[in-house]
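Engineer: predicted model and sequence below, questions to follow.
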Amino acid sequence: MTDIEIFRNIRYAHSLRFEQPELIPWDGVRLTERGPICPQLPSRLELVQGPMPEMEMSEHCQVLSVFSLALSGKRPVMVFFHGGGFVTGGGELPWHDGDKLACEQGVVVVTVTYRLGVFGYFQQPGGSDPSPAMADQVAALRWVKTNIGAFGGDPENVTVFGQSAGGCSIATMLAWGHGGDLFKRAILQSGAYGLAHTRAEADTTSDMFLDELGGDPRSATIDELIVAQGRLAAKLKRLALWSAVLPPADRGPGVDVIAGWCRDDALPFVLLQKQIKPSPGTETHFLDETREMNELFEGGSRSLVRDMAEKGHRGLLYRFDWESPGTGLGACHCIELPFLLGSEQAWRSAPAVAGSDWSKIEPIGRRMRKLWADFARGDYADPDWSPGTVRILP
């Protein structure tokens with residue numbers, strides 16, 4: 001792979017606990033060590049991705065990393081928001097490295113880490129909208145707008161892409177009206193927009209959390225907050241304890257979008273509910289339950305694309321069907337990520353791709369990376385794909 005310029009652990013904002021972030025100007029310092037991720041418990045999707053690598057954790061985790069072929073020029077910018085059910089993950093994880101995408105496609109990739117769980121979605125009584133997590137994400141995009149030119153990126157050509165909670169966050173940012181100003185295009189991978197909360201729902205969850213904590217969250221230790229969050233999640237058994245918060249009314253003018261889902265997105269969650277480990281055949285045995293829950297991902301993608309088309313924008317739908325034989329996980333949630341980001345080394349131990357021949361993954365990955373990057377370049381390939389219409393990705 002061609003040498004790539006990598007800037008890690010750039011602090012884009014800072015804040016006090018639960019407060020809105022304040023932007024930090026870039027000081028030009030180049031760091032090579034990975035930055036922190038938000039404090040969190042182990043992911044429930046270890047059965048798909050495997051255990052999370054050892055990482056520093058801090059509630060002051062507003063950092064990003066930049067991957068670019070060169071520091072000159074004006075390349076399309078692709079900003080990635082990670083998933084993790086709003087409670088786990090981080091842009092600094094090796095799974096999300098953007099060097100291959102940047103090198104291969106000549107785009108500038110930015111991976112963002114933001115506050116999660118109680119740190120990102122707890123609503124203080126009388127607090128302001130949006131949630132701290134979304135405020136972090138918007139702050140990161142404002143930082144990109146101001147600074148990405150120093151990394152060879154075009155601040156007027158930014159595409160956001162996000163998976164799962166990251167995709168839902170992008171859909172919510174669109175509803176808040178941030179599309180068009182901070183980004184021109186959006187790609188939502190298994191975004192599950194239906195998981196977004198109203199302010200009333202977010203307030204109710206925050207009240208229940210306060211009861212579970214039994215103290216002042218502003219003075220509680222990180223461990224006390226995380227443990228209380230885990231107890232509440234175990235009691236409620238929701239697909240997502242916390243979520244992005246919707247505005248009272250859709251304010252967004254919209255943008256061109258790609259949205260899609262994995263054929264068996266819901267299967268890991270069904271297996272977790274039933275406390276069953278994946279094995280060969282489970283992907284077909286629980287087909288009915290998976291199909292019902294999968295509507296959250298498929299239906300949300302179709303709805304978002306339709307909404308953007310009604311606002312006069314282009315919408316593109318896709319479904320990801322690849323599966324690793326013998327895992328019992330099918331084309332499950334997160335299965336597309338190794339095709340876009342990270343490396344063979346980063347993903348090799350992930351159960352979802354266990355035993356796969358990487359030489360067969362790479363050709364599909366190259367095609368997917370090109371499709372995503374072409375979209376970011378504004379090269380839609382189909383001259384008949386006019387604004388206000390929806391296309392299905394073949």
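Structural biologist: Perfect, thanks for sending it.

Engineer: phi and psi next, for residue 260.
Structural biologist: With angles defined as degrees, to the nearest 10, residue 260 sits at phi -170, psi -180.

Engineer: now it. Nearest residue, chain neighbours left out?
Structural biologist: Closest residue to residue 260 apart from its sequence neighbours, by C-beta to C-beta, 6 or more residues apart in numbering: residue 318 at 3.6 Å. All C-beta spots, glycine's among them, are computed from the backbone N, C-alpha and C.

Engineer: so how far is residue 54 from the one you found?
Structural biologist: Going from residue 318 to residue 54 by C-beta to C-beta, to the nearest Å gives 34 Å.

Engineer: low-confidence stretches in this structure?
Structural biologist: 1-2, 127-129, 274-291, 381-386, 388-394 (pLDDT under 70).

Engineer: biggest helix in it by residues?
Structural biologist: As assigned by DSSP state H, the longest helix anywhere in the chain is helix 287-310.

Engineer: on that earlier part again, wait, the residue nearest to residue 260 touches residue 258, no?
Structural biologist: Yes - taking contacts as C-beta atoms under 8 Å, residue 318 lies within contact range of residue 258: 6.7 Å.

Engineer: out of the two, which sits in the more crowded spot?
Structural biologist: Set residue 318 next to residue 258 and count neighbours by other C-beta atoms under 10 Å: residue 258 wins out with 24 against 21.

Engineer: tell me the secondary structure at that one.
Structural biologist: Of the three states, residue 258 takes strand under DSSP: H, G, I helix; E, B strand; the rest coil.

Engineer: can you name the residues bridging to it?
Structural biologist: Assessed by DSSP bridges, residue 258 has beta-bridge partners residue 187, residue 316.

Engineer: that older thread, so how far is the helix or strand harbouring the residue nearest to residue 260 from its chain's centroid?
Structural biologist: Using DSSP states H and E, residue 318 sits within strand 315-320. The chain centroid and the centroid of strand 315-320 are separated by 17 Å under C-alpha atoms, centre = their mean, to the nearest Å.

Engineer: before we move on, the earlier item: distance of the residue nearest to residue 260 relative to residue 259?
Structural biologist: Distance, residue 318 to residue 259, using C-beta to C-beta: 8 Å.

Engineer: all the helices of the stretch 251-394 of the chain, in order from the start?
Structural biologist: Taking DSSP state H, counting those that start in this stretch as the criterion, the stretch 251-394 of the chain carries its helices at 267-274, 282-285, 287-310, 337-340, 344-347, 358-377.
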